[in-house]
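Asker: I'd like to go over a predicted model; first the sequence, then the structure.
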Amino acid sequence: MKKRYKTIFLDRDGTLNFDPGYISTVKDFKFYNFTFDALKLFKNTDCNFCIITNQSGVARGLIKPNELDQINDYIKNSFKKNKLNLLDIYFCSDHPNNPSKYRKPNTGMFEMAIKDHEVEIKNSLIIGDNLCDIQAGNRLGIDTMLVLTGKGQKVRSSKKIKPTYVAKNILVGAKYVLGIE
Ligand SMILES: [Mg+2]
């Protein structure tokens, strides 16, 4: 496999970092130790990244908006330190019982990103660990990668999704897409 993507949409929890559920403080936010190795491989192909994340913990009252801001700052700094071009972080704080067009699998956050950053959607890839990530990709008509970290293992056999790629984790997936042994 050797494929190049211009923009890579990244889910957050369970894709880039451990997902203990409703991370409410930056102290509890931990990237996987392979995440930046994976993103640097993609970066070698000159692509941009954009994080798109559902954070219903805000609507549930479990995550305070200012704490989410701190987590976002930490993520942005980490990308900067690793010289990775992060276009933006979009989050949706909706409760799943009352979702707007922004909550994945709806595509509102992607449409914002496409508009804000002039993303060429057909050259994009979505990487995520849950049904809604892959479903959003299907709605947008773009390639998708289900990673088997986070909730990935649990949802991999679901008939509701047909990801383009399934990978043990984002590093294994990056190597596969880029044709690296
Ligand atoms: Mg996730």
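Answerer: Cool, got the structure.
Asker: now stretch 90-109: buried residues?
Answerer: 90-94, 99, 102-109 (16 or more other C-beta atoms under 10 Å). Where C-beta positions appear, they are placed from N, C-alpha and C, glycine not excepted.
Asker: give the buried residues for the top helix by length along the chain.
Answerer: As assigned by DSSP state H, the longest helix anywhere in the chain is helix 65-81. Burial within helix 65-81, assessed by neighbour count using 16+ other C-beta under 10 Å, is assigned to 67, 68, 71, 72, 75, 78, 79.
Asker: now the closest residue to the fourth one other than its chain neighbours: which helix or strand?
Answerer: Closest residue to residue 72 in three dimensions, ignoring its sequence neighbours and counting by C-beta to C-beta, 6 or more residues apart in numbering: residue 89, at 5.0 Å. Using DSSP states H and E, residue 89 falls within strand 86-92.
Asker: about what we covered before: can you get me a residue count around the residue nearest to residue 72?
Answerer: Look at residue 89: counted by other C-beta atoms under 10 Å, it has 21 neighbours.
Asker: OK, contacts around it?
Answerer: Residue 89 is in contact with 12, 50, 51, 53, 72, 75, 76, counting by C-beta atoms under 8 Å, 6 or more residues apart in numbering.
Asker: any idea how far it is from the ion?
Answerer: Computed as C-beta to the ion, to the nearest Å, the residue 89 to the ion distance reads 14 Å.
Asker: what do you get for residue 23?
Answerer: For residue 23 relative to the ion (C-beta to the ion), the value is 11 Å.
Asker: same deal with residue 174?
Answerer: 17 Å.
Asker: is that residue in a helix, a strand, or coil?
Answerer: When classified by DSSP: H, G, I helix; E, B strand; the rest coil, residue 174 comes out as helix.
Asker: if we can go back for a sec, need the buried residues of helix 65-81 in a markdown table (columns: distance to the ion).
Answerer: As requested, the buried residues of helix 65-81 are exported to a markdown table (distance: C-beta to the ion, whole Å):
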| residue | distance to the ion |
| --- | --- |
| 67 | 18 |
| 68 | 15 |
| 71 | 14 |
| 72 | 16 |
| 75 | 14 |
| 78 | 17 |
| 79 | 18 |
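Asker: would you list those in a markdown table and tack on pLDDT?
Answerer: Below are those laid out as a markdown table (pLDDT from 0 to 100):
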| residue | pLDDT |
| --- | --- |
| 67 | 97 |
| 68 | 98 |
| 71 | 98 |
| 72 | 98 |
| 75 | 98 |
| 78 | 98 |
| 79 | 98 |
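Asker: verify the stated contact: residue 31 with residue 16.
Answerer: Yes - contact criterion C-beta atoms under 8 Å: residue 31 and residue 16 qualify, at 6.0 Å.
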